[in-house]
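>>> quick one, fold the following:
(3 chains)
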Amino acid sequence: MPELPEVETIVNDLKTLLIGRRITDVAVNWEGIIAQPSDELSQGRPQNRKGRLCDSSSSVSEFKRRIKNQRILDIRRRGKYIIFDLSRGDSLLIHLRMAGQLLIGPCPTKLESYTRLILHLDNGQQLRFADMRKLGRVYLVEDAEAIVGMLGPEPLADDFKLEDFARILERRRGRIKSLLLNQRFIAGIGNIYANEILFAAGIHPLRKADTLAPAEIEALYHAIRRVLRRAIAERGTTFDGAYLDVRGRRGQYQESLRVLRREGKPCPRCGTPIVRIALGGRGTYFCPRCQE
DNA sequence: CTAAAATCCTGGTGGC
DNA sequence: TGCCACCAGGATTTTA
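Model prediction:
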């Protein structure tokens, strides 16, 4: 499941491969991959997805028309979004969600039928967006901030200091794990790294944010940065082949996981069996002795 | 305000 | 062997 470290790895690879390339053509194999302007950002108005059938074809042709012949000026990451800045000043954003994969080069046969979007490039290469579960989306917008503007701070930014973390934590009273998963609170952390970060910090996932002592806030801040940096160095976490980089290679951080999907196995620090609970429908793993 | 459930999705798995 | 419930979880929206 691509989170910050996986998306960072993808973006770094794409940069060396695609910056300066011109998009010569677009193939949309499944129209739902293209986010409608009202899909996100809509303030409360319920959108029925079936209702888009009436105007989806025009949106798709509009999408193709706008993107064709644009050059890729830059590729960057914001939270879990991949942002392509294009030559006419607009941006293409890709969110992989649960199962999305970006691939350059030969397509593994397994992914062929799941390819939802193909960008053809002026050097003959293709960038393919495969997504078995159809949860991923692409956005073509005048200003990327329209999509990523509501995200919380980047945890690895140089100017994201302990004081900044302590400040956004003020007056937050929810459970700390839910907060780490909230992209408006802090950007880029998903279920894998939320579990590992809380273990590294020695904090119980159900702790309320406003009960954290200053020393715990500091431990959490450093755990966030340490775990994410290490995971980037390991090129992300691959479970069941779910995440692969743009060349189809696996990450290595699964070897470093301490609690995730280790229910009943001994805590690597104290030997107590790891406990699994459900929090908001998500698997939540922790050591009942090391995390209080 | 927080929190849980529903929604979108499909492949894999375990029970019967 | 087949059928079914359920799990995996990112993000948003709805409901309590």
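>>> if I look at whichever residue of the stretch 51-200 of chain A sits closest to DNA strand B, how far off is A:Gln291?
Going by C-beta to the nearest atom of the strand, DNA strand B is nearest to A:Gly174 of the stretch 51-200 of chain A, at 2.8 Å. In this view, the C-beta of every residue, glycine as well, is placed from N, C-alpha and C. Using C-beta to C-beta, to the nearest Å, A:Gly174 is found at 17 Å from A:Gln291.
>>> and if you look at A:Ala146?
Taking C-beta to C-beta, one finds A:Ala146 at 38 Å from A:Gln291.
>>> most centrally placed residue in chain A?
Residue closest to the average C-alpha location in chain A (C-alpha atoms, centre = their mean): A:Lys80, at 2.9 Å.
>>> what about the residue nearest to that residue when sequence neighbours are not counted, neighbour count?
Once flanking residues are discounted, A:Lys80 sits nearest to A:Val7: 5.2 Å by C-beta to C-beta, 6 or more residues apart in numbering. A:Val7 has 25 neighbours, counted by other C-beta atoms under 10 Å.
>>> what's the pLDDT at A:Val7?
At A:Val7, the predicted lDDT confidence score is 95.
>>> the more surrounded of A:Gly174 and A:Gln291?
A:Gln291 (21 against 12).
>>> is it true that that one touches A:His204?
Yes - with contacts counted by C-beta atoms under 8 Å, A:Gln291 reaches A:His204, the gap being 4.5 Å.
>>> can you pull out the strands in chain A?
A:23-28, A:72-78, A:81-86, A:91-95, A:100-104, A:115-121, A:126-131, A:137-141, A:275-279, A:282-286 (DSSP state E).
>>> paired strands for the fifth one, with orientation please.
Meaning strand A:100-104. strand A:126-131 (antiparallel) (DSSP bridges).
>>> can you give me the offset of the partner strand from its chain's centre?
Distance of strand A:126-131 from the chain centroid (C-alpha atoms, centre = their mean, to the nearest Å) equals 16 Å.
>>> relative to strand A:23-28, how tilted is that strand?
20 degrees (axes from the mean of the first three to the mean of the last three C-alpha atoms, to 10 degrees).
>>> whether strand A:126-131 contacts DNA strand C - can you check?
No - Strand A:126-131 is not in contact with DNA strand C by C-beta under 7 Å from any atom of the strand; minimum separation 10.5 Å.
>>> alpha carbons only: can I get that strand in CSV?
Extracted in CSV, the C-alpha atoms of strand A:126-131 (Å, rounded to 0.1, in the frame of the first residue of the first chain):
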residue,chain,number,x,y,z
GLN,A,126,4.9,4.4,-21.8
LEU,A,127,3.9,5.2,-18.3
ARG,A,128,1.2,2.8,-17.2
PHE,A,129,-1.1,3.2,-14.2
ALA,A,130,-2.3,-0.3,-13.2
ASP,A,131,-4.9,-0.6,-10.4
